[in-house]
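Chemist: Quick one: sequence plus predicted model below, questions after.
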There are 2 protein chains.
Amino acid sequence: MNARGRPRSFDRSVALERAMDVFWARGYAGTSISELTEAMSINSPSLYAAFGSKEELFREAVALYVATDDACTLQMLEGELTTRDSISAMLFASARSCVRPDKPVGCFVVLGATNGGPETDAAQQFLCDQRKDMARRIRHRLERGVADGELPSGLNLERIAAYFGTVIKGMSIEARDGANGETLLSVAKSAMLGWDALTSTQG
Amino acid sequence: MNARGRPRSFDRSVALERAMDVFWARGYAGTSISELTEAMSINSPSLYAAFGSKEELFREAVALYVATDDACTLQMLEGELTTRDSISAMLFASARSCVRPDKPVGCFVVLGATNGGPETDAAQQFLCDQRKDMARRIRHRLERGVADGELPSGLNLERIAAYFGTVIKGMSIEARDGANGETLLSVAKSAMLGWDALTSTQG
DNA sequence: GTATTTATGTGTCGGTCGATACATAAATCA
DNA sequence: TGATTTATGTATCGACCGACACATAAATAC
């Protein structure tokens, strides 16, 4: 049982990838349908037929980003490294992913919809949820560290996760401001220097 | 020799302050002339007569912000505290200024123009310069620490400044995502835990 | 083949954007 | 007072926004 009617003349996933790059570089509010259709090499009716609306296309683009370009960052938390090495690897991966060649600078989830009019509120909220999910994963990794006996109990894991989340978010802006990969890696390294004090119950 | 003609019927500095709050809350691209004129209680011809254009008004709003709401943050670097205490006080002041009552959340300089179309490039560049100026002031404070003998020579001050600049920038996004003052203060505190290692030549 | 279904390209919708033209109102200077 | 200068309110400019109507083209089902 195949689909009837005229088949789509463009590759949907390729078009989505093009859209992701545009949204990533210019943000939700800063991207117009014209820019999208040009980058996707289609006309606006095809865009609306395939993706519904600008906002739905944005959500799909973010999902694609999280599943591809951003996957390696949070993946660092899933392996068998120690808690400390996991967090460190995540920061380094995040730093590297902020300055990928041939890709927009900075993290799409961090910079994709920071400001705009009321019509961008939904997109902002969507990215905010993604960021909170990131912080949640960091906290879960810390909880695992406590369960494994690597970290003492009684730590305020929420605040430790907030600290590292803050560093990750800051690095994206730093990258947009022109920081090179070397600088970002040194920032990641610097952020880890307080680890022992951060994970002791004395702090 | 007084001014001739009909005098201005509104207080220019009050109007500028209103404009600052709108730009601060919604960003450059997300703020329309309509929102500005409504908040300023004037009509658009008066806005253009008094401020020239949206972009010039934005620049004045940023300058006002830097001179008032943001002044206390960098002012922490100018006093007679030790280098460590200066940086720490700056982070704490930045954390507090991110969640001021009756003010938009986060730092205007960090969040005021992150993304948008090509017509926002000038505003973005302007804020980027402001952020680099902040990093430059931090570095100058560190240089003073070296000159005073508080810090060893041979440190890479640029990278230390980049680290603290990253934390400050990240805190604004954290605040926009809903972090409360207590959380931000704990982030600032966490960011200082690596100070000794960060300012030793072993790192 | 013919009918049906779906996607495409052209053109355009109402709305809003930033920015002004214009005539009028309100002040100072002579 | 009259002449001049400046600011105000109304109304609107062309451009662009996101979204879609419509007729046509291209595929499958029968």
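Modeler: Received it, and whenever you're ready, just let me know what you need.
Chemist: tell me which parts of chain A are close to DNA strand D?
Modeler: Contact residues of chain A with respect to DNA strand D, defined by CB under 7 Å from any atom of the strand, are listed as A:1-7, A:31-35, A:43-45, A:48, A:53-55. From N, CA and C alone the C-beta is placed, and that goes for glycine too.
Chemist: just checking, which of those residues belong to helices?
Modeler: With helices defined by DSSP state H, the entries of these inside them are A:33, A:34, A:35, A:44, A:45, A:48, A:54, A:55.
Chemist: most neighbours, which of those?
Modeler: Using other CB atoms under 10 Å in any protein chain shown as the neighbour definition, these reach their maximum at residue A:54, which records 19 neighbours.
Chemist: The closest residue to it other than its chain neighbours: what's it in contact with?
Modeler: Counting by CB to CB, 6 or more residues apart in numbering or on different chains, residue A:33 is the residue found nearest to residue A:54 once chain neighbours are left out, at 6.3 Å. For residue A:33, the contacting residues are A:44, A:47, A:54, by CB atoms under 8 Å, 6 or more residues apart in numbering or on different chains.
Chemist: sec struct for the closest residue to the second one other than its chain neighbours, please.
Modeler: Spelled out, it's residue A:47. The spatially closest residue to residue A:47, leaving aside those adjacent along the chain, is residue A:37, at 5.7 Å (CB to CB, 6+ apart). With DSSP: H, G, I helix; E, B strand; the rest coil as the basis, residue A:37 sits in helix.
Chemist: Ok, residue A:128 next?
Modeler: helix.
Chemist: Tell me how many other residues crowd it.
Modeler: Neighbours of residue A:128 using other CB under 10 Å come to 16.
Chemist: Model confidence for it, exactly?
Modeler: On the pLDDT scale, residue A:128 is placed at 98.
Chemist: rewinding a little: quick check: the residue nearest to residue A:47 touching residue A:45?
Modeler: No. Under the contact definition of CB atoms under 8 Å, residue A:37 does not touch residue A:45, with a separation of 9.5 Å.
Chemist: Show me the shaky parts of chain A.
Modeler: Scanning chain A for pLDDT under 70 picks out the ranges A:1-2, A:202-203.
Chemist: residues in it within reach of DNA strand C, list them.
Modeler: A:3-10, A:42-46, A:49-50, A:117.
Chemist: now the helices for chain A?
Modeler: In chain order, chain A shows helices spanning A:12-26, A:33-40, A:44-51, A:54-67, A:71-75, A:83-97, A:108-111, A:121-147, A:157-176, A:181-192, A:195-198, with DSSP H as the criterion.
Chemist: Give the other helices and strands that the last one contacts.
Modeler: So the one you mean is helix A:195-198. Counting by 3 or more CB pairs under 8 Å, 6 or more residues apart in numbering or on different chains; DSSP states H and E, the packing neighbours recorded for helix A:195-198 are helix A:83-97.
Chemist: Okay, buried residues for the helix it packs on please.
Modeler: Neighbour-count burial for helix A:83-97, with 16 or more other CB atoms under 10 Å in any protein chain shown as criterion, is recorded at A:83-84, A:86-95, A:97.
Chemist: who's in contact with residue A:98?
Modeler: Neighbouring residues of residue A:98 by CB under 8 Å, 6+ apart: A:105, A:106, A:107, A:171, A:172, A:174, A:175, A:181, A:184.
Chemist: The nearest residue to the first one once chain neighbours are set aside: how many residues sit nearby?
Modeler: What it means is residue A:105. Spatially, and ignoring its direct neighbours in sequence, residue A:105 is nearest to residue A:175 (4.8 Å; CB to CB, 6+ apart). Residues near residue A:175, counting by other CB under 10 Å, number 26.
Chemist: Also residue A:185?
Modeler: 18.
Chemist: What's the PyMOL syntax to select whichever of the contacts of residue A:98 are buried?
Modeler: With 16+ other CB under 10 Å as the burial test, the buried ones among the contacts of residue A:98 are selected in PyMOL as follows:
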select buried, chain A and resi 105+106+107+171+172+174+175+184
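Chemist: with the contacts of residue A:98 in mind, which one is nearest to residue A:128?
Modeler: For these, the minimum distance to residue A:128 (CB to CB) is 13.4 Å, reached by residue A:107.
Chemist: mind listing what that closest one touches?
Modeler: By CB under 8 Å, 6+ apart, residue A:107 lies in contact with A:70, A:94, A:97, A:98, A:168, A:169, A:171, A:172.
Chemist: Next: residue A:31.
Modeler: Neighbouring residues of residue A:31 by CB under 8 Å, 6+ apart: A:22, A:23, A:54, B:117.
Chemist: who wins for most neighbours among those residues?
Modeler: Across these, neighbour numbers were computed from other CB under 10 Å; residue A:23 holds the maximum, 28 neighbours.
Chemist: Leaving out the residues flanking it, which one is nearest to that residue?
Modeler: Once flanking residues are discounted, residue A:23 sits nearest to residue A:61: 4.9 Å by CB to CB, 6+ apart.
Chemist: just residue A:83 next, same as before
Modeler: Among residues not flanking residue A:83 along the chain, residue A:145 sits closest, at 3.2 Å (CB to CB, 6+ apart).
Chemist: looking at it, the one you found is touching residue A:151, isn't it?
Modeler: Yes. The pair residue A:145 / residue A:151 is scored as a contact, 4.2 Å apart, by CB under 8 Å.
Chemist: Apart from its neighbours in sequence, what residue is nearest the spatially most central residue of chain A?
Modeler: Relative to the mean C-alpha position of chain A, the nearest C-alpha, by CA atoms, centre = their mean, is the one of residue A:109, at 3.8 Å. In space, residue A:109 comes closest to residue A:130 once its chain neighbours are excluded; the distance is 4.8 Å by CB to CB, 6+ apart.
Chemist: so how far is DNA strand D from the one you found?
Modeler: 21 Å (CB to the nearest atom of the strand, to the nearest Å).
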